[in-house]
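Enquirer: give me a model of this one.
(one chain, ligands or ions: 1)
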Amino acid sequence: MEQLQGSKGYKKQYNSSNKILEQESGSLEKHVSHKSKEETESRETRKFRPKKQQQWDRFEGLFYKDLQTDSKVQKDFLTEMAKILNTYLTDQCKTKTKVVDFHHPHQLEELLGDTLCVDGPPRDLHQVLSDCKETLKYCVKTGHPHFLNQLSTGLDVVGVAGEWLTAAVNTNMFTFEVGSVFVLMENTVLRKMRSFIGWGEQEGDGIFTPGGTMSNIYALLLARHRKFPKIKEEGMYSGQKLVVYTSSQSHFSIKKAAIMLGIGLNNVCSIPCDERGRMKVDELEKAIEETLADGGVPLMVSATCGTTVLAAYDPVDRMADICQKYKIWLHVDGAWGGSALLSKKYKHLLKGVQRCDSMTWNPHKMMGAPLQCSAILVRKSGELLAANALCADYLYQTDKFYDVSYDTGDRSIQCGRHNDVFKLWLMWRSKGDNGFEDSINKIFHLSRYLEQRVKERKHFTSVLSEIEGPSVSFWYEPPQLINSNLSSRERKNLLSKVAPKIKESMTLKGNMMLAYQPLGDLPNFFRIAISNPKLTESTLDFVLDEIERISSDIFLE
Ligand code: ABU
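Expert: As a prediction, the model looks like this:
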């Protein structure tokens, strides 16, 4: 079946026997005889749809091709889509909304049925809009105040608007001729972020990447390039053992970087942490000495500022002393905790950060930018380009009519690159430095509030004596389950089962999502990472109440 646009408001439809049916737009379904059984059946079920959805009647029998040929159809369709999203964004933040309507994968597959299928005839725009609604019904409501499952939570409306504009303009960031205004925004925002690190106005470089892992991979690539620039042409020829140092509680992306860059997992040296999860700097120096004695090459030290679980901050300044002494690249992985730099009250956690060679910073975490938004910031300009440039002459011609230093693409390990900056730039315009600082202060305040409540409440035990970043980790010991007659081994085994069981129950109920994990020898505990400045103290009280309540339901004797 083909559709061709006829005179305004009308369509010529060609059925399978090429008979032309002339119909008025919006009432096509009455005449359509070409529908598959599948589509006819789905129209049958529409008779019973809610009144609200009947407003979409005008989209029945209109197809993708109509969007391309009829600007009114396109406008109507996008207006409807905007309404759907607007309702979703408003409703998802209401506490009465479920965080998740959880179904096991096979159940969800069954429930969605034909909605998942991309075979068969094209679906009309009515169906496409229904598909969107159906999708929103089952997706996890990450902007909900009870979504505390990840480091990235909450909903920044200006950020979302920025993401809409980004999708609408569909810009590739590799060259100025295409990226134009967005390239300038990227330069502006990266310069701003570098200024918070404490680097000079004209100092440094940077690029947005598809996430913190990629940013950390860039850092190791640059460290390797500085030490062994020939590797770019000749590969890992020397057979030398290159070693990377990072804390035992750092993110696994440092190991991924070592795998990808031919350094090898065995050459990622895991430095022990103190009781708060911070790297023990004495141990770092010992490890470096051991590498040297062994004929290896210390390549990079990665300081974590905001570890994934405990939000601990490694002592950057003291690590910088060591890197300076041994001439080692110092990277700061501030994916989670880097945004503390925006707060005069908490930036001391990254003391010495201006001495690093590179820093990963994810605005999609504590700054609340929609995913994805991660930057690798580099102290010395020219290094990103030197390590990555291939000068593709179909893209980065040197005889262009404008200043080609604005073509950012050859600094990247990618070719095409998504526009991750616009939403952040827009957020910065709408909040200013002070707005971001207030959000960060609020997030830190809430985490300290929660820490205090955890310490006060019976049956709750804080993992740390004092938190640094805005993550609170704790055990809940249900009195019905864990009593003083148990041996410590039995107690630990039981405790390990509590958080997963409570999480399962609350996820199935759908009113809350929390994270849990073990850490080294420590049995499973809850981690509440706060990155949503719209949370309130009473929300956090509710979270603790709910843990108790659910626990008493499931662990009744
Ligand atoms: N890149 C670490 C993300 C971990 C989390 O959101 O829980």
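
Enquirer: distance check, the residue in the stretch 301-450 of the chain that the ligand sits nearest to against residue 72.
Expert: Closest residue of the stretch 301-450 of the chain to the ligand, Cβ to the nearest ligand atom: residue 308 (5.2 Å). To be clear about C-beta, it is placed using only N, CA and C from the backbone, and glycine gets the same treatment. For residue 308, the distance to residue 72 equals 50 Å [Cβ to Cβ, to the nearest Å].

Enquirer: so which of those two has more stuff around it?
Expert: Using other Cβ atoms under 10 Å, the more surrounded residue of residue 308 and residue 72 is residue 308, with 24 against 11.

Enquirer: dump the residue contacts of that one.
Expert: Counting by Cβ atoms under 8 Å, 6 or more residues apart in numbering, residue 308 touches 151, 249, 251, 336.

Enquirer: just the ones of the residues you listed in strands?
Expert: With DSSP state E as the criterion, strands contain none of the contacts of residue 308.

Enquirer: farthest pair within those?
Expert: 151 and 249 (14.4 Å; Cβ to Cβ).

Enquirer: and residue 333, helix, strand or coil?
Expert: strand (DSSP: H, G, I helix; E, B strand; the rest coil).

Enquirer: whichever residue of the stretch 151-300 of the chain sits closest to the ligand: what's it in contact with?
Expert: Residue nearest to the ligand within the stretch 151-300 of the chain: residue 151 (3.6 Å; Cβ to the nearest ligand atom). Contacts for residue 151 (Cβ under 8 Å, 6+ apart) come out as 308, 336, 365-366, 529, 531.

Enquirer: measure it to residue 484 for me?
Expert: Distance, residue 151 to residue 484, using Cβ to Cβ: 36 Å.

Enquirer: next: residue 505.
Expert: 25 Å.

Enquirer: now residue 248, nearest residue through space, not along the chain?
Expert: residue 270 (4.6 Å; Cβ to Cβ, 6 or more residues apart in numbering).

Enquirer: surely that neighbour and residue 249 touch.
Expert: No. Residue 270 is beyond contact range of residue 249, at 9.1 Å (criterion: Cβ atoms under 8 Å).

Enquirer: these two: which is more packed in?
Expert: residue 249 (22 against 17).

Enquirer: contact partners for that one?
Expert: Residue 249 is in contact with 273, 277, 304, 307-310, 312, 519, counting by Cβ under 8 Å, 6+ apart.

Enquirer: got JSON lines for those residues, with pLDDT too?
Expert: Formatted as JSON lines, these follow (pLDDT from 0 to 100):
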{"residue": "273", "pLDDT": "97"}
{"residue": "277", "pLDDT": "97"}
{"residue": "304", "pLDDT": "98"}
{"residue": "307", "pLDDT": "98"}
{"residue": "308", "pLDDT": "98"}
{"residue": "309", "pLDDT": "98"}
{"residue": "310", "pLDDT": "98"}
{"residue": "312", "pLDDT": "98"}
{"residue": "519", "pLDDT": "97"}
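
Enquirer: from the residues you listed, which two are the most distant?
Expert: 304 and 519 (13.8 Å).

Enquirer: neighbour count winner among the two?
Expert: Taking neighbours as other Cβ under 10 Å, residue 304 and residue 519 compare with residue 304 leading, 29 against 19.

Enquirer: you'd agree the more buried one is up against residue 247?
Expert: Yes. Between residue 304 and residue 247 there is a contact under Cβ under 8 Å: 5.7 Å.

Enquirer: hey, what's in contact with both of the two?
Expert: 279, 314.

Enquirer: find the residue at the geometric middle of the chain.
Expert: What sits nearest the mean C-alpha location of the chain, by Cα atoms, centre = their mean, is residue 371, with 4.3 Å.

Enquirer: and for the closest residue to residue 62 other than its chain neighbours, the neighbour number?
Expert: Leaving aside its sequence neighbours, residue 62 sits nearest to residue 125 (Cβ to Cβ, 6+ apart; 4.7 Å). By the criterion of other Cβ under 10 Å, residue 125 has 24 neighbours.

Enquirer: might you report the residue contacts of residue 125?
Expert: Taking Cβ under 8 Å, 6+ apart, we find residue 125 in contact with 56, 59-60, 62-64, 66-67, 73, 77.
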